[in-house]
Each structure stands twice: as structure tokens, then as C-alpha cells.
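>>> Please work out how this folds:
(chains A and B)
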Number of protein chains: 2
Amino acid sequence: MKKLINDPKNVVDEAVAGFEAAHGDIVTVSHDPIYIARKDAPVAGKVAIVSGGGSGHEPLHGGFVGYGMLDAAVPGPVFTSPTPDPILAATKAVDSGAGVLHIVKNYTGDVLNFETAADLAAADGVEVRTVVIDDDVAVKDSLYTAGRRGVAGTVLVEKIAGAAAERGDDLDAVAAVAEKVNGQVRTMGVALTPCVVPHAGEPSFTLADDEIEIGIGIHGEPGRERIKLAPADEIVDRLLKPVLEDLPFASGDKVLLLVNGMGGTPQVELYVVFRHAAEVLAGKGIEVTRSLVGNYVTSLEMQGVSISVLKLDDELTELWDAPVQTAALRWGR
Amino acid sequence: MKKLINDPKNVVDEAVAGFEAAHGDIVTVSHDPIYIARKDAPVAGKVAIVSGGGSGHEPLHGGFVGYGMLDAAVPGPVFTSPTPDPILAATKAVDSGAGVLHIVKNYTGDVLNFETAADLAAADGVEVRTVVIDDDVAVKDSLYTAGRRGVAGTVLVEKIAGAAAERGDDLDAVAAVAEKVNGQVRTMGVALTPCVVPHAGEPSFTLADDEIEIGIGIHGEPGRERIKLAPADEIVDRLLKPVLEDLPFASGDKVLLLVNGMGGTPQVELYVVFRHAAEVLAGKGIEVTRSLVGNYVTSLEMQGVSISVLKLDDELTELWDAPVQTAALRWGR
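Okay, the predicted model is just below:
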């Protein structure tokens, strides 16, 4: 295992300290319990949005804290849910009285711990709604999950719900727009290489030199099938087919196309993938009106990519375009 | 070699086509000869800035084309300079009559080909100035280079010179500010793993499982020394010492600290590095007033990082903060 770390058990604490040092203009950090909050939180009258989960998926979620997106992010240990305590502390810290939306990726530990925190927050008088993200079409029920997994679509939910909260929507409305995005986004990924959890020191799974895993989870959970390495266009076809059939997307749809790197894939490959994905969509009469390419929901140094397609309408497009100012996603400010 | 590509010889063309499909709101692409230009170029009365070089360092340079940064980027084959033809075509396409600044990383092929293109452009009546970037303190004279190499500091030169051009500085002034940034930035990098050039199919160098290369070049050129893998803080100390001694930086300096991922390094590690680098600078009385963390000048899927320190003054800070709207660097618009 070759990593730029010190003691493996301090990786998250040290990374969060580095994040604080780099982005002190946007965030403040609580170290015990650990969470990252928007610098000006709580924002008077605004619904707050809190997300979180195991570390190792950066920039998710800390990189999305700031104006127009998350009010707080709660990082757990690598690939491990945060406990209810920091989630509760973050929730109470950012609530302005307008209530808090929890955006939770569908993994058993995350769902349970956010639920406990929400109950405790409610007992303290904080109104909480929860939206569970499950955009991964690859598998139903898997390691860590009952139902589908929450993967790269999460960044789209966080951006769009964040914009709704910023424009002044109330808690029910912000929760509704988050549900709507989750309902209209579908994702599938592929891994070329595994990743190594620092404190484990060994790859979480193995792949032969000529093998890739289609439908991989963001923690290296098994996908749909292992196949021989194939040309990028063939791999894109295999990822897009189930994504498009699932909603289903149809000719005339306007969509946001997200090509998300898993962490270790060079950008040049992400654009090779984007090119063919856009081509396939165009061939089906589906218009890509917004796009996002880069490392947004990663799995440490895993080489691979996921493709997400989100069906847009005027409202979602307007919320997507609204200003955002976070460490990892920023425009209009 | 596991890569998300089709035919290795089409990687750059396909990636550029993907870039065009994803960022058509910001850029236009010429496919033959190949270059990426700002959508609204030539911008009347504005000095234009053109950069370029071998591909494989994305987002450099195409990801920096847009308002407030580059007017055009000319991608060569992977790790190989573009020929003079596309550089000349890009130069002429974006010149508004106010002249063109070439920002060239100091590699023999790039310097030569940009020089030829500049001569040809001058013969066609386009005024061209050239600034050669050589921020890497690791080695003097190396594979591909006479003198020091141009590495991650390039992104800082392109951003700040771009802002100077955008505010209306004339060609001499834009060239002067680019020279100033190059004169005040120092960089050194480390590789944990090599990278594989697609058409070569083999790693460009090898490192043992417990070995890292200090002072690596962005094409995998040899650095200063190979050492055993060490804790991140020790590696940061080894990178920062020559960087800080070289300018030299001194107590009371205000600086921009750039921690640049080489492509395959997870973000969590970049922040572990940033944390200690900021700590070391603080210990020397050097104040980090601006920061940038992420993959900006990469070497395909190489795992590693470089640290750049740029001495700021009020003018450079103001130009850094000015609005920018490119695929890879964006704020204020």
C-alpha cells in the first residue's frame, strides 16, 4: 500500500484539518464531534441541509458544503458511517429554526445512524426530513445495502436541493425537490482497479490484469458481472443501457449527463467516456443540456467511472444553474 | 495496461471531442488543426493568451480556456509537444489585434515549436510575446529540458495573466505579470507510482513497492532521489525545504499554497499533505492567504503530488481573485 498518509488511523482527522486550512473562507470545522459546516451557518430563515457518510468518497460530502449546497457534512471513518452523535451535533448547529433536511446515501449504517440522529434532533425540537438516495441501477440488495445503493447521483441531489433551500423553499418543498431528483437520476459504474482502505492496508477486492467489474459499488461492493477489459465505447454501452432503460429515459428528454471519476482515472479517460455517452444519448433523441465531468463521488484511488443521467425540467435546470460556492463545485459567485 | 480508451492513437482526439461535448457553453474546438478556443474569441481589444503542450496533464491546458484565463489551448499527443501548425492556427484565431501571449512550459519540444509558431505568426502580422515557465526546483537540465522544468506553477501563471488580460492590460503588461508569477513560484513533486502512456502500453519508469521518487517530473522524468516510502509529513518536509530555500521565501511573506494531485491520488491524501504544508509554512512565519487543492497539472494516472508556493502581493492577489470561467477553474461567474 502506497499512500500519502501518516498513521492510517488519523487519515480522516488530518484530511479534515487540511480541508479547514485550505477552505477557511467557506467552512468552519468542528473537530469533536467532527463535522464541516458552512461558515455562515445557521443562515437565518433558511432550511439547512446536512449530509455525510463514510470518508474516502471526497469531494463528497465536505467539498459540497457552502452557499447554495450543504450546510454541513459529517465524515465518518473511511467507508464507515459516522455515528449519530456528530450527525446530531451538525444538525443542531446549522438549524436556523426552519428545519433540516438529511440527505442520506442508502447504506444500512448511514440510514440507521441518520435516523437515530434525526429522532434525537426532533426530541430537541429540530424538525428533520430525510431523503434517502438510491440511484445505482446495478444491483438491488448488496453488501451494506437493502435496496439500491446511493452513488454519484448524490452530488446532483445535494446541488439542486441546496439551490432550493437557498431560494427560500420551506422544508417540505426542499425535501420534495430532493426526492424528485433522486427519482429522476440513474447511475451505473465500472471499476478497473480496486482501492485500498488505509487502515486495512489491502485491496478490498481483486481484479485480474485483464478484468473489470461492471456495476461496482463505491466501496468496491460487487457489481453485476466481471468481464474482460473492453474498449471504452463498449463499456459505456454496457453502463448506459440499464441506466436508460430503468427510468426509462425517452426521446425528447433533456438530461444532465454526469461522468464521474472514481478517483484514480485520468481526466482524459473521463472525456473519452463522456464523448461516447453523449453520442449514445443523441442517437436516442435524448438531449444533453447540462453536463458535469470530474471526480465528485470517488472510491479513494479506484480507477473507474460512473455514468449518471438526470432527467431535467425547467425547474431542475434553473436550480442546477443557480450560484454555488463550495470547495468542489462553484459558479456564479 | 487498464484504461478507459478505444484505439490508443485516438485518445486525444476523442477526449477533445468529449471536452467539446461537455463544455460547448465555454469553448469551441477546431479539430484540424486541433485546438480548443474560448467561445467568444477573439475578444475585441483584449490581449489573447495561448498555451499548450503534450496531452496527459489534464485539466491543463484545455480546462483553463475561458473567461479570465486562456483564449486557446493546443493539445499535442500524450506527453508530446504539439507541432507549430496548430499553435499558429490557434494564435491567429484568437488574436484580436492586441497581440498574443504564449505561455510555454520549459520543455525543449514545446519551446521550439511555440517559437516557430510565434515567428510564423509575426510574419503574418500578429504580435507575440512568450513566457517560459520553469517553476520546478527539483532538477536543472533533465530529460526533455534545458534548465528547469515547467510544472504545476503553470496553472497559477495562466490564471493570473488571464486576469490581467481580462482587465485590459496591454501585451507587455500581461507578459510582465506572467513573468512575475513565474519568478515568484516554486514547485516540487513526488511520485508514488508511474503512469502509462496509452500508445506505449508500458509504465514510463518503475518504482519498487516501497519506493517513491522525490522531485519527479510531470512526464515521469527522474527527480532528485528515490527513497523508501515515508509518512506524508516527512515527504512534505522534503518537498517544501528546497521550494522555500530557492526563492527564498521568508517570514512575513503572504503566499498561495497549491497542493496539486498528479492524477491518481485520492483527495483525502491531498488534504493530508495540505495540512502539514500549511503547518510548516506557519511555523516559518509565512502566511497562506490563498490556496488551491486538487488535480490541476497531472501525469495521467500517476499517484503523487506536487507542492507549489507562490509569493503574493496585493496585485497578484487581486488578479487571483478576479472572476474566471473555465471547465476546471471557476468562480465569480
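>>> Next, the contact list for the residue of the stretch 51-200 of chain A found nearest chain B, please.
When scored by C-beta to the nearest C-beta, the stretch 51-200 of chain A has residue A:58 as its residue closest to chain B, at 3.9 Å. All C-beta atoms are positioned from the backbone trio N, CA, C, and that covers glycine. Contact criterion C-beta atoms under 8 Å, 6 or more residues apart in numbering or on different chains gives A:15, A:298, B:266-268, B:271 as the residues in contact with residue A:58.
>>> Same check on residue A:314?
The neighbourhood of residue A:314, defined by C-beta under 8 Å, 6+ apart, contains no residues.
>>> Can you classify the nearest residue to residue A:298 once chain neighbours are set aside as helix, strand or coil?
Counting by C-beta to C-beta, 6 or more residues apart in numbering or on different chains, residue A:298 lies nearest to residue A:263, which is 3.6 Å off, once chain neighbours are set aside. At residue A:263, secondary structure determined by DSSP: H, G, I helix; E, B strand; the rest coil is coil.
>>> Distance of residue A:263 relative to residue A:302?
Separation of residue A:263 from residue A:302 (C-beta to C-beta, to the nearest Å) stands at 5 Å.
>>> Alongside chain B, which residues does the stretch 51-200 of chain A contribute?
The stretch 51-200 of chain A has residues A:55-56, A:58-59, A:63, A:78, A:190, A:192-193, A:195 near chain B, with proximity defined as C-beta under 8 Å from any C-beta of the partner chain.
>>> The helix or strand where residue A:159 lies: which residues count as buried?
Under the assignment given by DSSP states H and E, the secondary-structure element containing residue A:159 is helix A:153-166. Within helix A:153-166, the residues that qualify as buried are A:153-166, counting by 16 or more other C-beta atoms under 10 Å in any protein chain shown.
>>> Distance to residue A:204 for those residues - can I get that in a markdown table?
Supplementary listing: those in a markdown table, determined by distance: C-beta to C-beta, whole Å:
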| residue | distance to residue A:204 |
| --- | --- |
| A:153 | 22 |
| A:154 | 20 |
| A:155 | 22 |
| A:156 | 26 |
| A:157 | 26 |
| A:158 | 25 |
| A:159 | 29 |
| A:160 | 31 |
| A:161 | 30 |
| A:162 | 31 |
| A:163 | 35 |
| A:164 | 36 |
| A:165 | 35 |
| A:166 | 37 |
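>>> The residue nearest to residue A:298 - how many residues pack around it?
Burial of residue A:263 is recorded as 26 neighbouring residues (other C-beta atoms under 10 Å in any protein chain shown).
>>> Please apply the same query to residue A:98.
For residue A:98, which is what you asked about, the neighbour count (other C-beta under 10 Å) is 19.
>>> which residues in the stretch 151-300 of chain A form strands?
Using DSSP state E, counting those that start in this stretch, the strands found in the stretch 151-300 of chain A span residues A:185-191, A:211-214, A:225-228, A:254-261, A:287-294.
>>> Name the nearest residue to the residue nearest the centre of chain A, sequence neighbours excluded.
The residue at the geometric middle of chain A, judged as the C-alpha nearest the mean C-alpha position with C-alpha atoms, centre = their mean, is residue A:154 (3.6 Å). In this structure, residue A:154 finds its nearest non-sequential neighbour in residue A:133, 4.9 Å apart by C-beta to C-beta, 6+ apart.
>>> picking up where we left off before, the residue of the stretch 51-200 of chain A closest to chain B looks like it's in a helix, true?
No - the assignment for residue A:58 (three-state DSSP) gives coil, which keeps it out of a helix.
>>> per-residue pLDDT, it?
According to the model's per-residue confidence, residue A:58 sits at a pLDDT of 98.
>>> how much space between it and residue A:119?
Separation of residue A:58 from residue A:119 (C-beta to C-beta) stands at 28 Å.
>>> Repeat that for residue A:194.
If you go by C-beta to C-beta, the gap between residue A:194 and residue A:119 works out to 36 Å.
>>> Report the beta-bridge partner residues of residue A:308.
Going by DSSP bridges, residue A:308 is paired in beta bridges with residue A:187, residue A:258.
>>> Work out for me the element residue A:117 sits within.
With DSSP H and E as the test, residue A:117 turns up in helix A:108-123.
>>> For that helix, report the contacting residues that lie outside it.
Counting contacts by C-beta under 8 Å, 6+ apart, the residues outside helix A:108-123 that touch it are A:52-54, A:80-85, A:87-88, A:91-92, A:95, A:100, A:102, A:104, A:128, A:130, A:132, A:144-146.
>>> if I pick residue A:225, what's in contact with it?
Residue A:225 makes contact with A:213-215, according to C-beta under 8 Å, 6+ apart.
>>> just those residues that are near chain B?
Counting by C-beta under 8 Å from any C-beta, the subset of the contacts of residue A:225 that neighbours chain B is empty.
>>> of those residues, closest to chain B?
Distances from chain B to these, taken as C-beta to the nearest C-beta, are shortest for residue A:213 (11.5 Å).
>>> okay, that closest one: pLDDT?
The score at residue A:213 is 96. That number is its pLDDT.
>>> So what's the residue count around it?
There are 24 residues near residue A:213, going by other C-beta under 10 Å.
>>> Was I right to think it contacts residue A:191?
Yes - contact status for residue A:213 versus residue A:191: in contact at 4.6 Å, counting by C-beta atoms under 8 Å.
>>> any residues in contact with both of these two?
Both residue A:213 and residue A:191 are contacted by A:207, A:223, under the criterion C-beta under 8 Å, 6+ apart.
>>> secondary structure element for the closest residue to residue A:124 other than its chain neighbours?
Spatially, and ignoring its direct neighbours in sequence, residue A:124 is nearest to residue A:92 (6.4 Å; C-beta to C-beta, 6+ apart). For residue A:92, the enclosing helix or strand under DSSP H and E is helix A:84-94.
>>> average model confidence for that helix?
Throughout helix A:84-94, pLDDT has a mean value of 98.
>>> pLDDT wise, what is the closest residue to residue A:221 other than its chain neighbours at?
Nearest non-adjacent residue to residue A:221, counting by C-beta to C-beta, 6+ apart: residue A:143, 4.3 Å away. According to the model's per-residue confidence, residue A:143 sits at a pLDDT of 71.
>>> mind listing what residue A:143 touches?
Contacts for residue A:143 (C-beta under 8 Å, 6+ apart) come out as A:217, A:219, A:221-222.
>>> how much space between it and residue A:1?
Counting by C-beta to C-beta, the separation of residue A:143 from residue A:1 is 22 Å.
>>> Any chance of the strands of the stretch 151-300 of chain A in CSV with distance to residue B:202 as columns?
Output for the strands of the stretch 151-300 of chain A, formatted as CSV (distance: least, C-beta to C-beta, whole Å):
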stretch, distance to residue B:202
strand A:185-191, 22
strand A:211-214, 19
strand A:225-228, 20
strand A:254-261, 23
strand A:287-294, 28
